[in-house]
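Peer 1: return atomic coordinates for the entry below.
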Amino acid sequence: MAAFFVTSTGTDIGKTYVTAGLLRVLRGGGASAIKPVASGFTTETAATSDPVVLLEAMGEVMTPEALARISPWRFAEPLSPDMAAAREGRIIDYDALIEFCRAGMGRARGPFFVEGVGGVMVPLDARRTVRDWMAALGLPIVLVVGSYLGTISHTLTALDVLARARLRVGALVVNESSGSTVPLGETIAALHRFAGAVPIASLGRSANEEQFRRLWRVLCGDA
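Peer 2: Next up, the predicted model:
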């Protein structure tokens, strides 16, 4: 069973877009995903929220039980998880979070994805970040980045942070940013020069099924 952790250089870069796209093309193989921690989740925004997008990509409908199964730590404020939890007088039980992810991996019947929250170094509580979460699970990383001006520095910083924790990046996914003034091809060329042996895949603004299948082949080492 192949399992990956999907993270990013920041928020609203495309983690859920990438995860959902992979789920759709791999659904026949029993693919599944969880997004254990979600900020900015309210009853008003639930229908378009990240957890619900993932449920729909798996062919499931939104129910309280389904939400609890893939995303038990949901907070209303669109803030980092530690801040969002504090606003509600709550904390994220880190040990329970790790166990929840491992249990999900144990139940998986096909490709399995853990989608993170925010970027690589977003705080989960007073001491730990998303990087600590990734290190505890030890899964290959899918690092989703944009093509906006400034993304090269953000991406190389994230790669350095992951390398320092000895985390393996299975694929660097350049997701074309809306309104970017930088040509996608030039961004990818620059990243190839600096990212070493990290496999790089790209997605256009309206990625088709074949692009996601190509990304999956990159993750499997077949591209």
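
Peer 1: quick check: phi and psi at the nearest residue to residue 165 once chain neighbours are set aside.
Peer 2: Excluding its sequence neighbours, the residue lying closest to residue 165 (CB to CB, 6 or more residues apart in numbering) is residue 135, at 5.1 Å. All C-beta spots, glycine's among them, are computed from the backbone N, C-alpha and C. The phi/psi pair for residue 135 (degrees, to the nearest 10) reads phi -60, psi -40.

Peer 1: same deal with residue 3?
Peer 2: phi -140, psi 140.

Peer 1: hmm, back to that, pretty sure the residue nearest to residue 165 sits against residue 168.
Peer 2: No: assessed by CB atoms under 8 Å, residue 135 is found out of contact with residue 168, at 11.2 Å.

Peer 1: strands along the chain, start to end?
Peer 2: Per DSSP state E, the chain carries strands over the ranges 3-8, 32-34, 37-38, 73-74, 112-115, 141-145, 169-175, 200-203.

Peer 1: buried sites along stretch 147-163?
Peer 2: 147, 148, 151, 152, 154, 155, 156, 158, 159, 161, 162 (16 or more other CB atoms under 10 Å).

Peer 1: now, which of the residues you listed sits nearest residue 214?
Peer 2: Closest approach between the buried residues of stretch 147-163 and residue 214, by CB to CB: residue 147, at 17.2 Å.

Peer 1: of residue 135 and residue 168, which one has the most company?
Peer 2: The neighbour comparison of residue 135 against residue 168 (other CB atoms under 10 Å) goes to residue 135, with 16 against 11.

Peer 1: now that one: how far from residue 129?
Peer 2: Distance, residue 135 to residue 129, by CB to CB, to the nearest Å: 10 Å.

Peer 1: just residue 9 next, same as before
Peer 2: Separation of residue 9 from residue 129 (CB to CB): 14 Å.

Peer 1: pull up the overlap in contacts between these two.
Peer 2: Counting by CB atoms under 8 Å, 6 or more residues apart in numbering, the contacts common to residue 9 and residue 129 are residue 120.

Peer 1: avg pLDDT for stretch 127-146?
Peer 2: Taken as a whole, stretch 127-146 has a mean pLDDT of 98.
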